[in-house]
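J.: curious how this folds, go ahead:
(chains A and B)
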Amino acid sequence: MTTRAAAGQLPRVLAVPALLGLAMLVAPLVALVARVDWTTVWADVTAPAALEALWLSVRTALVATGVCLVLGVPLAVVIARSPRGVAAVLRALVTIPLVLPPMVGGVALLFLFGRSGPVGAWLAERGIELPFSTAAVVLAQVFVALPFLVLALEGTLRATGTDYELAAAGLGAGRWRILWRVTLPLAAPGLVAGTVLCFARAVGEFGATALFAGNAPGVTRTMPLAIYTAFNGSGLDQGPAVALSLLLLVTAVAVLLLVRAWRPGAMR
Amino acid sequence: MTLAIGTDENAVEGHVVVRRSRGFTLDVELAVDHGETLAIMGPSGAGKSTLLEAIAGTLRLSGGSLRFDGGVAATPRRNARPQRRGVVLLGQDPRLFPHLNARDNVAFGLRVRGLSRAHARTEADEWLWHVGLGGHGDHAPRTLSGGQQQRVAIARALAAAPRALLLDEPLTSLDPETAGDIRAMLQTQLAAARVATILVTHDVADAAALARRLMLLERGRVTQSGPVREALQEPATPFGAAIAGLNRVTGVARDGDAIVPSGQGRIRLAARWPTGAVDETPVAALFRPSAVRLERVAQETWTAALRLAQDEATEPGEWISRVVRFEATPSGARVLTSDPAVAAELPADRLAELRLGPGDPVRLSVRANDVRIVPVPDAAAGGPAPGAADAA
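T.: Next up is the predicted model:
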């Protein structure tokens, strides 16, 4: 909480751009909600094409979150327990996909897993073709969502330090027991926040998916792609598209509340 | 003398060498038997905590080696993991797992030992009862007071049935009353658990209450080691004298007395039992601050006082000095005088009567009956000796 005295010393005129900025962020969302036709919203969300996209999104995002947990928790632990210099390099590497335009990520994934790519060619020989499949959707989502989990968890792990782990080791606990009973429970706030952010990012993923997985109904057309397609004049009608947009907005707000609720001291 | 449990070997035994930056080297030999408590005292920066960390395995040895129960060995090349050492280190910070309640904190070590969850919890409750926290099992660590947290930490450490318990000033951050209660609790629990204990403390009361042996550590070396009572009665270094609450002035032996150099020449101190030390060998005279008689010198100025000292040859056990400062005691003050540094303890009324100020000349005297003269081992005379080993 900023104190009244501190705020009182600054130019009052700052309030004008501040309010404009806030309007910039909130007004479009209000417009979206205003556009929702509440009488048909349930029917729109449950329209077959919409349900198909919704179901695909939930499935792929859940699987992607699972993959992120399996890969991201060890990665976060390794970074958090690395010497400072090594950790800085690793953290930078993890952050790149976070700031990279997702389109570029999609292109990069294509070059790795595409038929001419090194891994793609190897897989193709064995009859596995990743691009433009549901697996590609998951892969694209993992690529963009993993950094959220790793960075959130790594920060918590580093802040907790190794004192409790040393105490547990002194009591005779083995490495696995320390990880499961001490390290991860102590990092629970970061783990939950990271997982929720990771899932939200996976659900909303569009750019990398569009390039790497394409836009096949029922196979790779997740909610964001369905919305995009609807507004391009094919696939869904605009009604369901708006309803799906509202659903994603509600998801985002729910995620925000979840993450804040889990941050200690945030619910004051 | 002590009962060895399971094995005839010492619980912890070895030679710890740790080199740190800025030329500091810790070089200590020690051995602690099962059921024995060794107290370690020393000025800050002497390497006490470093020694405990090396024994616990959180710090690698630079030299020497450690054996636990004569088996598991740690060397500079092979740093046995803390889990294998069976040594629990407990410091000022109790380090209770914040996500577990008091009971589950204590049960942690029991679960490690393979007890079932229910069994571990029952036993944990018993341990909490032992440390005076019966019924507090459901409390989260942050809802407990500092003293209660330290009690839980002690229960957790003992419940893990370690080979050795390392206590690094566990009572320091507690108020005196709480510290006293926990000291009493430790006394019974350590005796009951018969665990080898190394206790680092700056409070001589801890050493006296909990330990049989006392080791003084100064600048990384052992300067004195032996039964607590002996070490406190015959401190070998100024630090040892300070913790024992004794004045210790050094000089040389002559005809059973000690000749101590002072600002005005020499002081002749006679002792209750004349020292058997050969003439001109180094000796130390020990006497309590309360045994020192302090009088104001009539003359106001220092030069006059000096002249007085020269004119009337001072009696044995009497000398002239200057007040340096005062330290409050519960019932008066300790007057510190210089050259040689001697403290005199005065009751409050006497202090008021004398109206002393820093720099005032005073006549000090101490009766032969109150003085002991002990030979100074070569090691302690010229500073701490390398590898002054602990004769375990």
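
J.: from now on I want contacts and neighbour counts done on CA atoms only, so please keep to that.
T.: Fine.

J.: which parts of chain B sit against chain A?
T.: Listed as neighbours of chain A in chain B under the rule CA under 8 Å from any CA of the partner chain: B:56, B:58, B:82-84, B:86-89, B:95-99, B:108-109, B:112-113, B:157, B:160, B:162.

J.: quick one: residues contacting B:Ile267.
T.: Contact analysis of B:Ile267 by CA atoms under 8 Å, 6 or more residues apart in numbering or on different chains lists B:259-261, B:316-319.

J.: show me how to select, in ChimeraX, the buried members of the residues of chain B next to chain A.
T.: The buried subset of these, as determined by 16 or more other CA atoms under 10 Å in any protein chain shown, is captured in ChimeraX by this line:
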select /B:56,58,82,83,84,86,87,88,89,95,96,97,99,108,109,112,113,157,160,162
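
J.: quick one on the thing from earlier: of the contacts of B:Ile267, closest to A:Trp176?
T.: When those are compared for distance to A:Trp176 (CA to CA), B:Val260 wins out at 63.9 Å.

J.: OK, contacts around the closest one?
T.: Applying CA under 8 Å, 6+ apart, we find B:Val260 in contact with B:249-252, B:266-269.

J.: narrow those residues to just the buried residues.
T.: Of the contacts of B:Val260, these count as buried by 16+ other CA under 10 Å: B:249-252, B:267-269.

J.: of the residues you listed, closest to B:Glu177?
T.: For the buried ones among the contacts of B:Val260, the nearest to B:Glu177 is B:Val249 (34.4 Å; CA to CA).

J.: now do B:Cys357, the pLDDT please.
T.: One correction, residue B:357 is Gly, not Cys. Listed pLDDT for B:Gly357 reads 82.

J.: what about the residues of chain B next to chain A, which are in strands?
T.: B:87-89 (DSSP state E).

J.: put together a markdown table for these, with pLDDT on each row.
T.: Formatted as a markdown table, these follow (pLDDT from 0 to 100):
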| residue | pLDDT |
| --- | --- |
| B:Val87 | 90 |
| B:Val88 | 92 |
| B:Leu89 | 92 |
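
J.: separation between the residue in the stretch 151-268 of chain A that chain B sits nearest to and B:Arg81?
T.: In the stretch 151-268 of chain A, the residue that lies nearest chain B is A:Gly172 (4.3 Å; CA to the nearest CA). Plainly put, A:Gly172 is 10 Å away from B:Arg81 if you go by CA to CA, to the nearest Å.

J.: list the helices and strands the top helix by length along chain A packs on?
T.: Determined from DSSP state H, the single longest helix within chain A is helix A:48-80. Applying 3 or more CA pairs under 8 Å, 6 or more residues apart in numbering or on different chains; DSSP states H and E, one finds that helix A:48-80 contacts helix A:84-99, helix A:134-160, helix A:188-204, helix A:223-231, helix A:238-262.

J.: thinking again about what came up before, of the contacts of B:Val260, which belong to strands?
T.: B:249-252, B:266-269.

J.: among the residues you listed, which one has the lowest pLDDT?
T.: The member of these with the lowest pLDDT is B:Arg266, at 80.

J.: let me see the contact set for it.
T.: For B:Arg266, the contact set (CA under 8 Å, 6+ apart) comprises B:259-260.

J.: can you check A:Ala210 too?
T.: So A:Ala210 contacts A:103, A:106, A:225 (CA under 8 Å, 6+ apart).

J.: so where does the second one fall, helix or strand?
T.: Okay, so that is A:Gly106. Applying DSSP states H and E as the criterion places A:Gly106 in helix A:102-113.

J.: so how far is that helix off the chain centroid?
T.: Relative to its chain's centre, helix A:102-113 lies at 17 Å (CA atoms, centre = their mean, to the nearest Å).

J.: need the helices for chain B, in chain order.
T.: Using DSSP H, helices in chain B cover B:48-56, B:82-85, B:102-112, B:117-130, B:146-159, B:176-193, B:204-210, B:228-233, B:238-244, B:302-311, B:348-354, B:378-381.

J.: for the residue of the stretch 1-150 of chain A found nearest chain B, which non-adjacent residue is spatially closest?
T.: Residue nearest to chain B within the stretch 1-150 of chain A: A:Arg81 (15.2 Å; CA to the nearest CA). Excluding its sequence neighbours, the residue lying closest to A:Arg81 (CA to CA, 6 or more residues apart in numbering or on different chains) is A:Arg158, at 7.4 Å.

J.: likewise for B:Gly359?
T.: The nearest residue in space to B:Gly359 (CA to CA, 6+ apart) is B:Val323, at 5.0 Å.

J.: number of residues surrounding that neighbour?
T.: If you count neighbours by other CA atoms under 10 Å in any protein chain shown, B:Val323 ends up with 19.

J.: next, the buried residues of the longest strand along chain B.
T.: Using DSSP E to define each element, chain B has its longest strand at strand B:318-329. The neighbour-count check on strand B:318-329 (16+ other CA under 10 Å) flags B:318-326 as buried.

J.: same deal with stretch B:202-216?
T.: Quick answer for stretch B:202-216 (16+ other CA under 10 Å): B:202, B:204, B:206-208, B:210-211, B:213-216.

J.: what do you get for stretch A:60-70?
T.: Neighbour counts using 16+ other CA under 10 Å place A:60-69 of stretch A:60-70 among the buried residues.

J.: now do stretch B:38-58
T.: For stretch B:38-58, burial by neighbour count (16+ other CA under 10 Å) applies to B:38-42, B:46-58.

J.: just to revisit the earlier point, possible to save the buried residues of stretch B:202-216 as TSV with pLDDT?
T.: TSV is the format used below for those (pLDDT from 0 to 100):
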residue	pLDDT
B:His202	87
B:Val204	88
B:Asp206	87
B:Ala207	89
B:Ala208	89
B:Leu210	90
B:Ala211	91
B:Arg213	93
B:Leu214	94
B:Met215	94
B:Leu216	93
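
J.: that older thread, A:Glu129: which of the buried residues of stretch A:60-70 is nearest?
T.: Top of the list for closeness to A:Glu129, among the buried residues of stretch A:60-70 and by CA to CA, is A:Thr60 at 17.4 Å.

J.: dump the residue contacts of the most centrally placed residue in chain A.
T.: Residue closest to the average C-alpha location in chain A (CA atoms, centre = their mean): A:Arg201, at 2.1 Å. By CA under 8 Å, 6+ apart, the residues touching A:Arg201 are A:141, A:144-145.

J.: drop anything exposed from the residues you listed.
T.: A:141, A:144-145.

J.: need the contact list for the closest residue to B:Val12 other than its chain neighbours.
T.: The shortest distance from B:Val12 to any non-neighbouring residue, by CA to CA, 6+ apart, is to B:Phe68 (4.8 Å). B:Phe68 sits next to B:10-13, B:85, B:163 when contact means CA under 8 Å, 6+ apart.

J.: which one of the ones in strands among the residues of chain B next to chain A is nearest to chain A?
T.: Nearest to chain A among those, with distances taken as CA to the nearest CA, is B:Val88, at 5.0 Å.

J.: quick check, that closest one in contact with B:Gly57.
T.: No: look at B:Val88 against B:Gly57 with CA atoms under 8 Å: they stay out of range, at 9.9 Å.
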